[in-house]
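> coords please:
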Amino acid sequence: MNSFLSIISITLMYSAPLIFSALGGVISERSGVINIGIEGMMVTGAFWATFTCCFTNNPWLGFLIGGISGSLLALFHAIASVFLKADQTISGVALNLIGPGLAFFFCGLLFDGKTATNPITNKLPKIFGNNNFISEFMGVLNVDITVVIALILTFVIWFFLYKTKWGLRVRAIGEHPVAADALGINVLKLRALCVIVSGFLAGLGGSSVTLTISSQFNQTSISGQGFIALAALIFGKWTPFGAYFACLFFGFSQALAINFGGYNFISPTLLSCLPYFFTLLALMFVGKSVSPKSNGIPYKKA
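Reported below is the predicted structural model:
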């Protein structure tokens, strides 16, 4: 029973950062802008969240700063891809190089030349606090507050996209921007705003890694999770709940890798590849998955 609860707990813990980032991808790509730069935004958010927490001992402030730093990096993607009509894929790849590069530069500058920050002493809280009878009853199933925030955000973004006027506008500019423009919607500004929100959510994803899981920012803190979030976005067919359950699937693969790590007959190196193998497997069998019609196509006002 404890082993089963442990798998569930680890699944939820490792899926939360992916959910934040995948939801950011949903917002951006639903508006018609491909955001390959989620990985770089996650790394940026992870570093600045950890830095903030190290010097203020306030993980909630670090969580917020991590999101803001991700949105600032996304601002460059919005300017290049939306207003300057640059190739969105190339712009995103550039951010995946710039984001980590700046993060490790400032890490060395602010932490005496180290390639890792100091460990944080105060992490984001668990759902059930220590010395709580519910925590004792639940045993090992004691997950981070980010799991709840990620679930709430999934409902919020679903409601926004499918039940509000502004959500309809976002979907409209991703499918038929010319028609949306004819109705008076400012396509460029709304797309740019969606990209910035996407960066904020990706920054929260990176923050949740270092503020709940690793307790420290280093070169392997993110290690491809941004690309897994992109895979979850595609696997989930560009919908909030589809992306949510896809992230749970990838989190489950990480839980399996950790739980089987104690068996000597399986190579730890092979187990570390398991989440990425599941990612490729999911994309191979995802079936027909159609992105928004104008996704990746810069809009040029006639």
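
> Show me where the stretch 1-150 of the chain has its helices.
2-30, 38-56, 59-78, 88-110, 133-138, 145-163 (DSSP state H, counting those that start in this stretch).

> model confidence over the second one, on average?
Spelled out, it's helix 38-56. Confidence for helix 38-56, expressed as mean pLDDT, is 95.

> okay, the angle between the host helix or strand of L168 and helix 145-163?
Assigned by DSSP states H and E, L168 falls within helix 165-175. Interaxial angle, helix 165-175 versus helix 145-163 (axes from the mean of the first three to the mean of the last three C-alpha atoms, to 10 degrees): 80 degrees.

> circling back: least reliable of the helices of the stretch 1-150 of the chain by average pLDDT, please.
Among those, helix 133-138 scores lowest, at a mean of 50.

> Please list the residues outside stretch 93-111 that contact it.
For stretch 93-111, the surrounding residues in contact (C-beta atoms under 8 Å, 6 or more residues apart in numbering) are 36-37, 39-41, 43-44, 46-48, 51, 73-74, 76-77, 80, 114-118, 217, 219, 226. No exception for glycine: its C-beta is placed from N, CA and C like everyone else's.

> Equivalent analysis for stretch 278-297, please.
By C-beta under 8 Å, 6+ apart, stretch 278-297 touches 29-30, 32-34, 88-89, 171, 173-177, 227-228, 231, 234-235, 237-238, 246, 249-250, 253.

> just stretch 159-166 next, same as before
Counting by C-beta under 8 Å, 6+ apart, V26, R30, G167, V170, R171, P240 sit against stretch 159-166.

> before we move on, the earlier item: with mean neighbour count and distance to L204 as extra columns, can I get the helices of the stretch 1-150 of the chain in TSV?
Putting the helices of the stretch 1-150 of the chain into TSV (neighbours: other C-beta atoms under 10 Å; distance: least, C-beta to C-beta, whole Å) gives the following:
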stretch	mean neighbour count	distance to L204
helix 2-30	24	5
helix 38-56	29	7
helix 59-78	23	4
helix 88-110	18	15
helix 133-138	12	25
helix 145-163	17	8
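
> could you dump these to a markdown table with distance to L183?
A markdown table is the format used below for the helices of the stretch 1-150 of the chain (distance: least, C-beta to C-beta, whole Å):
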| stretch | distance to L183 |
| --- | --- |
| helix 2-30 | 17 |
| helix 38-56 | 30 |
| helix 59-78 | 22 |
| helix 88-110 | 24 |
| helix 133-138 | 51 |
| helix 145-163 | 18 |
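
> So which of those is nearest G199?
helix 59-78 (2.3 Å; C-beta to C-beta).

> tally of neighbours for S215?
17 (other C-beta atoms under 10 Å).

> repeat for V290
By other C-beta under 10 Å, neighbour count at V290 equals 8.

> and what of C273?
11.

> Ok, T220 next?
Around T220 there are 9 residues (other C-beta under 10 Å).

> so where's the stretch 101-250 of the chain uncertain?
128-142 (pLDDT under 70).

> S31 reaches G174, doesn't it?
Yes: using C-beta atoms under 8 Å as the test, S31 is close enough to G174 to be in contact (5.0 Å).

> What separation is there between L190 and L110?
36 Å (C-beta to C-beta, to the nearest Å).

> and if you look at W48?
To L110, W48 is 10 Å away according to C-beta to C-beta.

> what residues do those two have in common as contacts?
Common neighbours of W48 and L110 (C-beta under 8 Å, 6+ apart) do not exist.

> Would you tell me which of the helices of the stretch 1-150 of the chain gets closest to L274?
helix 2-30 (11.8 Å).

> Output the contacting helices and strands for that closest one.
Judged by 3 or more C-beta pairs under 8 Å, 6 or more residues apart in numbering; DSSP states H and E, the packing partners of helix 2-30 are helix 38-56, helix 145-163, helix 165-175, helix 187-208, helix 225-235, helix 240-259.

> chain center to that helix: distance?
Offset of helix 2-30 from its chain centre (C-alpha atoms, centre = their mean, to the nearest Å): 9 Å.

> Hey, what's the angle from that helix to helix 187-208? Just curious.
Using the same axes, to 10 degrees: helix 2-30 against helix 187-208 is 160 degrees.

> i'd like the first residue to be 112 from this point on
Fine by me, first position is 112 from now on; the one you just mentioned is helix 113-141.

> Could you check the angle helix 113-141 makes with helix 149-167?
Interaxial angle of helix 113-141 relative to helix 149-167 (the same axes, to 10 degrees): 120 degrees.
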